[in-house]
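**Q** got a sequence here, can you build the structure:
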Amino acid sequence: MRTLKLLFAAATVSGMAMFVQPAPAADAGAGHAMTGVLIDNACGAKQKDEASAAKHPLACAKKDACADSGYQLVVGDKHYKLDDKGNAEAKTYLATAKSTKVTIDGSMDGDMMKVTSIKAAADKK
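**A** Down below sits the predicted model:
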C-alpha cells in the first residue's frame with residue numbers, strides 16, 4: 001500500500017511538472033546602467049577597487065598614452081572594460097569632464113561592456 005502511495009505521489013508531481021513553465025532566464029546582454037569610476041586600462045589594472053580608482057587623477061586618464069590603453073568602469077571591486085565605441089565615448093566625455101564618477105548605459109558581452117552612453121553620475125545629496 002505504501003509503495004502505491006509513493007508511486008501515485010511521484011506520478012502526480014511529474015504530471016504537474018509538465019504544466020509548469022520555467023521562468024525566462026535573465027538576458028546577460030540586456031541593457032542597463034552602472035555607476036562607478038571611469039579610468040584608463042593601464043592605470044585601472046593597478047587599482048583594487050572603486051575607492052582607490054576614485055583617487056586616481058582625472059588628468060592622467062586624459063593623457064594619450066593612458067587613453068591608448070582603452071578604458072574601464074570600476075564598480076566596487078569589479079572592473080568592466082569598455083568596447084571600442086565605449087572607448088571613443090570615454091575620450092569624448094573626459095575632454096570636458098570634471099569628475100571620473102560616471103553612469104554608463106550599455107550591455108554586457110562576456111567581460112566587455114558594450115556602451116550606449118556615458119554621463120556624469122548624479123550627485124547624491
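**Q** got phi/psi on Ala45?
**A** With angles defined as degrees, to the nearest 10, Ala45 sits at phi -60, psi -20.
**Q** how about the nearest residue to it, chain neighbours excluded?
**A** Ranked by Cβ to Cβ, 6 or more residues apart in numbering and with sequence neighbours excluded, the top spatial neighbour of Ala45 is His79, at 7.8 Å. From N, CA and C alone the C-beta is placed, and that goes for glycine too.
**Q** quick check: the one you found touching Gln72?
**A** Yes: using Cβ atoms under 8 Å, His79 is in contact with Gln72, at 5.2 Å.
**Q** more neighbours: which of these two?
**A** The residue with more neighbours, out of His79 and Gln72, is Gln72; 27 against 21, by other Cβ atoms under 10 Å.
**Q** please identify the helix or strand for Ala61.
**A** Taking DSSP states H and E as the definition, Ala61 sits inside helix 58-62.
**Q** what's near enough to touch Met113?
**A** 34, 73, 80-83, 86, 104, 106-107 (Cβ atoms under 8 Å, 6 or more residues apart in numbering).
**Q** return the subset of the residues you listed lying in helices.
**A** If you go by DSSP state H, those have Gly86 in helices.
**Q** list only buried entries from the contacts of Met113.
**A** Neighbour-count burial (16 or more other Cβ atoms under 10 Å) is assigned, among those, to 73, 80-83, 86, 104, 106-107.
**Q** may I see those residues organised as a markdown table, with pLDDT and distance to Thr96 added?
**A** A markdown table is the format used below for the buried ones among the contacts of Met113 (pLDDT from 0 to 100; distance: Cβ to Cβ, whole Å):
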| residue | pLDDT | distance to Thr96 |
| --- | --- | --- |
| Leu73 | 97 | 19 |
| Tyr80 | 96 | 23 |
| Lys81 | 97 | 23 |
| Leu82 | 97 | 18 |
| Asp83 | 97 | 22 |
| Gly86 | 97 | 17 |
| Ile104 | 97 | 17 |
| Gly106 | 96 | 21 |
| Ser107 | 95 | 26 |
